[in-house]
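Student: take a look and give me a structure for this.
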Amino acid sequence: MVRRKRVQRALTTVVATCCLLGVTIRRMDKLAHGQT
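Tutor: Residues are numbered from 1 along each chain as shown. Below is the predicted model of the structure:
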């Protein structure tokens with residue numbers, strides 16, 4: 001349970017940082033699926 005919370009917190013931090021840097025959702029999706 002603790003590990004799951006840690007992973008979720010890390011993912012939330014990454015998404016928030018990308019939003020602040022102006023990375024689009026579509027670009028994040030491509031990065032997540034390994035497409036460039």
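Student: name the element residue 6 belongs to?
Tutor: helix 2-21 (DSSP states H and E).
Student: off-centre distance for the helix or strand following that helix?
Tutor: Counting by DSSP H and E, the next helix or strand C-terminal to helix 2-21 is helix 25-32. Offset of helix 25-32 from its chain centre (CA atoms, centre = their mean, to the nearest Å): 9 Å.
Student: so who does residue 32 touch?
Tutor: Going by CB atoms under 8 Å, 6 or more residues apart in numbering, residue 32 touches no other residue. Yep, even glycine has a C-beta here, placed from its N, CA and C like the rest.
Student: could I get the average pLDDT for the helix holding residue 6?
Tutor: Average pLDDT, helix 2-21: 89.
Student: next: stretch 25-36.
Tutor: Rounded mean pLDDT across stretch 25-36 is 79.
Student: with just CA atoms, put that stretch into CSV.
Tutor: Taking Å, rounded to 0.1, in the frame of the first residue of the first chain, the C-alpha atoms of stretch 25-36 are listed here in CSV:
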residue,chain,number,x,y,z
ILE,A,25,-1.0,16.1,-22.9
ARG,A,26,-0.5,14.6,-26.4
ARG,A,27,3.3,15.0,-26.0
MET,A,28,3.2,13.3,-22.6
ASP,A,29,1.2,10.4,-24.1
LYS,A,30,3.8,9.9,-26.8
LEU,A,31,6.6,10.0,-24.3
ALA,A,32,4.8,7.4,-22.1
HIS,A,33,4.4,5.1,-25.1
GLY,A,34,8.0,5.5,-26.2
GLN,A,35,7.2,7.3,-29.5
THR,A,36,9.3,10.4,-30.4
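Student: thinking again about what came up before, and the helix holding residue 6, how far out from the chain's middle?
Tutor: 6 Å.
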